[in-house]
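> Just the structure for this:
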Amino acid sequence: MADGFHGKTVLIPGGGRGIGYAAGVMMAKEGAKVALADVVGDRAQEAAIRLKDETGAETLGIACDITDMNQVKRMVSDTETALGPINITVNTAAIVADKTFMESTPEDWKEMLDICLYGSMNVIHAVLPGMVDRANGRIVCLASDAA
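I've put the predicted structure just below:
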């Protein structure tokens, strides 16, 4: 990465904390403009301010529930309006059922799949057409109980 992420626009759903925020710090230090999205809007805003203070990067905090395709489309549109076309998306939004299997319910598993699987698919569906049109883009999907 001779040029690092200089001038690239990075969107990180789940970027309000954890692995997503850490990825944002790393990319911002390499010159990226970073949009941090989180289902908790205040957390996204606070993380974006903290990231800008730590790195000097151009940042954006966005509230987004990635299980809602309309919110995902707005997140992508707001990011591209503020920071430019999205070059890289790092999907880190996730939840973990903090229960044993015996304690969990089918609803717990549905919520986890809706966010961890279908939410990431929503984000990919929203960013991929622009990346294909520009013949440029990268999508990274991470999953971890620490995300």
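
> Go ahead and confirm residue 80 touches residue 9.
Yes: using Cβ atoms under 8 Å, residue 80 is in contact with residue 9, at 7.4 Å. In this view, the C-beta of every residue, glycine as well, is placed from N, C-alpha and C.

> For the residue lying closest to residue 138 once chain neighbours are set aside, grab phi and psi.
The shortest distance from residue 138 to any non-neighbouring residue, by Cβ to Cβ, 6 or more residues apart in numbering, is to residue 88 (4.8 Å). Backbone torsions of residue 88, given as degrees, to the nearest 10, read phi -140, psi 130.

> Mind listing the residues bridging to residue 88?
Beta-bridge partners for residue 88, by DSSP bridges, are residue 10, residue 138.

> Mind listing the shared neighbours of residue 80 and residue 9?
residue 86 (Cβ atoms under 8 Å, 6 or more residues apart in numbering).

> So for these two, which residue has more residues nearby?
Per other Cβ atoms under 10 Å, whichever of residue 80 and residue 9 has more neighbours is residue 9, with 21 against 16.

> Can you name the residues that contact the more buried one?
32, 33, 35, 79, 80, 83, 84, 85, 86, 87, 88.

> Go through those residues and name the one nearest residue 141.
Nearest to residue 141 among the contacts of residue 9: residue 88, at 12.0 Å, using Cβ to Cβ.

> Check the spacing between the closest one and residue 137 real quick.
Going from residue 88 to residue 137 by Cβ to Cβ, to the nearest Å gives 7 Å.

> same deal with residue 79?
Using Cβ to Cβ, residue 79 is found at 13 Å from residue 137.

> Those two: which is more packed in?
Each of residue 79 and residue 137 has its neighbours counted (other Cβ under 10 Å); residue 79 has more, 26 against 18.
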